[in-house]
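Student: Test case, fold it:
(chains A, B and C)
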Amino acid sequence: MVTETSLLVTLPFLAALAAAAAPRAAATLGMAATLANAGFAALLARALLADGARETSLGGWEAPLGITLRADGLAALMIGMTALVGSAVALQAMGRPAPGRPAPAGGFWPLWLATLGAMNALFLSDDLFNLYVTFEILGLSAVGLTALTGSRRALRAAFDYLSAGLAGSLLLLLGVALAYAEAGRVDLAAVPALVETMRGRIALALVLAGLAVKAALFPLHFWMPAAHANAAPPASALLSALVVKTALYVALRLSLEGGAGIAPARAALAVAGSGAMLWGAWNALRAERLKLLVAHSTVAQIGLIALALGVAGNPADSTLWQAAALLMLSHALAKAAMFLAAGRIAEELGHDRISGLNRTELRPGAAEFAFAIAAVSLIGLPPTAGFVGKWVLIEGLIAREAWIWVALVMTGTVLSAAYLSRVVSRCLRGGPHVAPGARRPAWHMGDVAALGLAVGALALGLASALPFALLETTLT
Amino acid sequence: MSPVVLFDAALALGVLGCAALALTLRDRTGTVAAFMLTGLLVALSWLRLGAPDVALAEAAIGAGLTGALFLRGARRLGPLRARPPAPAQAAAAALGAAVLSAALLWAFATAPAESLYPPRVAAALEDSGVSNPVTAVLLNFRAWDTLLEIAVLVVALLLVMTLSPPRVIPDKLGALVQPFARIVVPVAVLVAGHLLWQGAEAPGGAFQAGAVLAGAGLALVLGGVRVDRRVLRRALTALALAGLAVFTLAALASQAVTGALLGYPDGQAKAWIIAIEGALTLSIAATLCLLFTGYGRRSAR
Amino acid sequence: MTPDLIYPAAGAGLIGLALWRLATCGDTLRRIMALNVLAVGIAMLMLAAGRETLMLAAGRETSTLAAGRDTLTRAAGQDTPQTAGAGFLQAAADPVPQAFVLTGIVVLVAVTAALMALAERLGARDGD
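Tutor: The predicted structure follows:
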């Protein structure tokens, strides 16, 4: 019998092929496949909550020789996050006529569906080499999404993205090669043995370095702001909300498998994360364009998640890693909402200069509202999902009296409030600032998607019991 | 020192020397020539490392097709304009790279290298449907990697489609290449068929066969067969996409039959593998051809 | 230098060379080539480790590894398993890293084609 796990990793690829073969029907096919994927993701989560985590040996061959798909709560949560954000972004892309002439067979839909398939495969994978291959699909399709607009800046950013991504993949592959030489196997069950020896720790450090490039973790984030700021809004939303999360997910997975035993790696993650929070915030404070501000805010937020991963410590005696997972989820929803809203604001205004957001002839619309709610979640005010994630993190840090990290998280929070208020204060003004005859922007599919995601980030804070219950579903 | 060790040492030095030339020569054509020579020497070292399947693929894809791509790029990008780096920067980078190399050498030379795979492969080989262990790994034990690898090819093609770079327009090469193509294409088709068929028992398989076919296709393109005719391009695109479709549908079908994704029914593994490999060969050949020729509507000049 | 060290040394050397070039040159084509050399270096380390596995097995004929090696060598079309270095064509190495490297080669040509297409689009605009 064909299971939902198999459909999650095969259906998107089949749909991508169909969309590439029939460009005219691509949007319909793409939307249908995205929704079907969301359905399977929900079914998987329900099945896991009912029966616990499950493993499938592909082809019936057991690891380490074969490859195992492992569906546990963490994987299901990430798959659900991808499905949710993907559906909203697809909705926005549906309502948006493709700019310029339609590409012969490429274009948004096949690339997005391939991204979706690769992400699902990555979340379920239990094998380092298999992860490398999924990263390569993801790298190429993400670069395709970046380059879609065809502008010179986007192409330049795409080239830098792809070469940085390839360098990251090759570092990861070098780590896999050393893991093979050291442990004689490359499935994730090799991690505990790798932690024991110096060579094994070097192998894991190489893998981690590759992941840091892919996650755009400071100081290896150089390729990212340009790529995320110059892509079309739906593509930026997918890249910033989802694609960078994959590398953080793998880092979390390695840490849960026993990689957390390497103290220097944990410290490096935490320090790089702190640096990212400060550096990203500083650049977001100085950014002149809205999309660039949002992209730099991603650098900072990635930093926060990396910090959470770094300080989480051994998963055996702490549940702090769950804070990192929840922060990933809340950032995905809020950041996708923010990029979609920023795209809509730029569409209405005809530019995205932050200094020009103070216009009197246009009333704030749904997009501005969505941006504000997403900002509230990113800053981490109650009752949003961002608040719950940060609360769990800070509570854990206070309990172990790690005051330096508490102070850093607090500083990051204040800075994010500062740079986001640059936009929010200009967006949401009324009364004397609005001219009497000011028009309201017309409703648009993009507004619905952005607002839906922002409200999702808000509601998730109230219903955060569900993700936590899911995260408890592990293989024992 | 035995002659074999001398040969290995000379080969390794040759690889390093050619790679150094490829990365330092200022003349574009020279760097590409050095790169292709590196690829061929590397293929020879794969033979010495007991990996003839990889050697075939390296020669056809790593040296041949990648080299052709670099030649195309060298012609379109024009001469090298970047200035050499400042000596201090170059020295610092060299020092860092040397330290890293030394650390890697230490790590790999002292690693225990006790693989868990050979006994498991040996034990399962009988049930895999093929007797070439590499083919068994690629299309049975770890077929999921291979399926995703085909997806990488497809996504690269989608990216190239989206970018629509200028098409390769064969010009003066035509007269030169045509007689060559007349001989090489039929031979390549035969070789590809042979590689595909013998891949079950001996070195070879879908990737090597697909690469050889793609080489034949490129000979046709350079010999003046116009790939810009829309019908041909569409047919090739359909073929390129079909490989992943067949593989994915076969994976789902096998699950419907046996309950395991990519689990072939007992006793029929060979038939499934040959069918999948056949589709992959054509699809890989079409994809590699299209990755080289591109999709654009504008001409190169 | 013992023979077991020759190929790991060459692999490590290729990686160092490629990283040095990546750090010192901004030319697009040259960077793409350096990434290709980097991948070859990694492949060489991986295959060298894969061969060593079976050479170790040759020294301990009783182990399960040795049984595996014999089966694999026969399967690879050689009648008698050879110990490493006995002839020009080596006994078959561990097939799994071979499959990894083969996959890596195909993935790399795909990414190289994509990078080249991007570089050419950028370069073509430069000329305008």
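Student: Isn't A:Asp72 up against A:Ala45?
Tutor: No: judged on C-beta atoms under 8 Å, A:Asp72 makes no contact with A:Ala45 at a distance of 11.1 Å. Bear in mind the C-beta positions are built from the backbone N, C-alpha and C, glycine included.
Student: what packs against the helix or strand harbouring B:Ala57?
Tutor: Using DSSP states H and E, B:Ala57 sits in helix B:52-57. Judged by 3 or more C-beta pairs under 8 Å, 6 or more residues apart in numbering or on different chains; DSSP states H and E, helix B:52-57 is in contact with helix B:28-48, helix B:133-136, helix B:206-222, helix C:95-127.
Student: Need those helices in JSON lines (columns: distance to B:Ser164).
Tutor: Formatted as JSON lines, these follow (distance: least, C-beta to C-beta, whole Å):
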{"stretch": "helix B:28-48", "distance to B:Ser164": "24"}
{"stretch": "helix B:133-136", "distance to B:Ser164": "36"}
{"stretch": "helix B:206-222", "distance to B:Ser164": "17"}
{"stretch": "helix C:95-127", "distance to B:Ser164": "9"}
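Student: Compare these and report which one is nearest to A:Leu206.
Tutor: helix C:95-127 (15.3 Å; C-beta to C-beta).
Student: and among the helices and strands packed on helix B:52-57, the most buried is which?
Tutor: For the helices and strands packed on helix B:52-57, the largest average neighbour count (mean count of other C-beta atoms under 10 Å in any protein chain shown) is found in helix B:133-136, namely a mean of 28.
Student: next helix or strand past that one?
Tutor: By DSSP H and E, the next helix or strand past helix B:133-136 is helix B:143-163.
Student: right, is that following helix up against chain A?
Tutor: Yes: Helix B:143-163 is in contact with chain A by C-beta under 8 Å from any C-beta of the partner chain, via B:143-145, B:148-149, B:151-152, B:154-156, B:158-163.
Student: buried stuff in that helix?
Tutor: Going by neighbour count (16 or more other C-beta atoms under 10 Å in any protein chain shown), the buried part of helix B:143-163 is B:143-163.
Student: And the next helix or strand past it?
Tutor: Immediately after helix B:143-163, counting by DSSP H and E, sits helix B:173-198.
Student: ok so, going back, any chance of the helices and strands packed on helix B:52-57 in CSV, plus mean pLDDT and distance to chain A?
Tutor: As requested, these are exported to CSV (pLDDT from 0 to 100; distance: least, C-beta to the nearest C-beta, whole Å):
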stretch, mean pLDDT, distance to chain A
helix B:28-48, 93, 15
helix B:133-136, 92, 10
helix B:206-222, 86, 14
helix C:95-127, 88, 4
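Student: Compare those helices and report which one is nearest to A:Gly259.
Tutor: Across the helices and strands packed on helix B:52-57, closest to A:Gly259 is helix C:95-127 (C-beta to C-beta), at 21.1 Å.
Student: Burial check on B:Pro179, number of neighbours?
Tutor: 10 (other C-beta atoms under 10 Å in any protein chain shown).
Student: Quick check, pLDDT for it.
Tutor: Residue-level confidence at B:Pro179 comes out at 71, pLDDT.
Student: Next: the one 3 residues further on.
Tutor: Here, the pLDDT recorded for B:Arg182 equals 77.
Student: on that earlier part again, also near chain C: which of the residues of helix B:143-163 next to chain A, exactly?
Tutor: Near chain C, by the rule C-beta under 8 Å from any C-beta, you find B:145, B:149, B:152, B:155-156, B:159-160, B:163 out of the residues of helix B:143-163 next to chain A.
Student: Where does pLDDT dip in the stretch 1-150 of chain B?
Tutor: Applying pLDDT under 70 to the stretch 1-150 of chain B flags the ranges B:1.
Student: For chain A, give me its nearest residue in it.
Tutor: Among the residues of the stretch 1-150 of chain B, B:Ala111 lies closest to chain A, at 3.8 Å counting by C-beta to the nearest C-beta.
Student: my guess is that residue meets A:Ala181, correct?
Tutor: Yes: with contact defined as C-beta under 8 Å, B:Ala111 reaches A:Ala181; the gap is 3.8 Å.
Student: Could you list the low-pLDDT ranges of the stretch 301-450 of chain A?
Tutor: Along the stretch 301-450 of chain A, segments meeting pLDDT under 70 span A:316-317, A:359-362, A:428-440.
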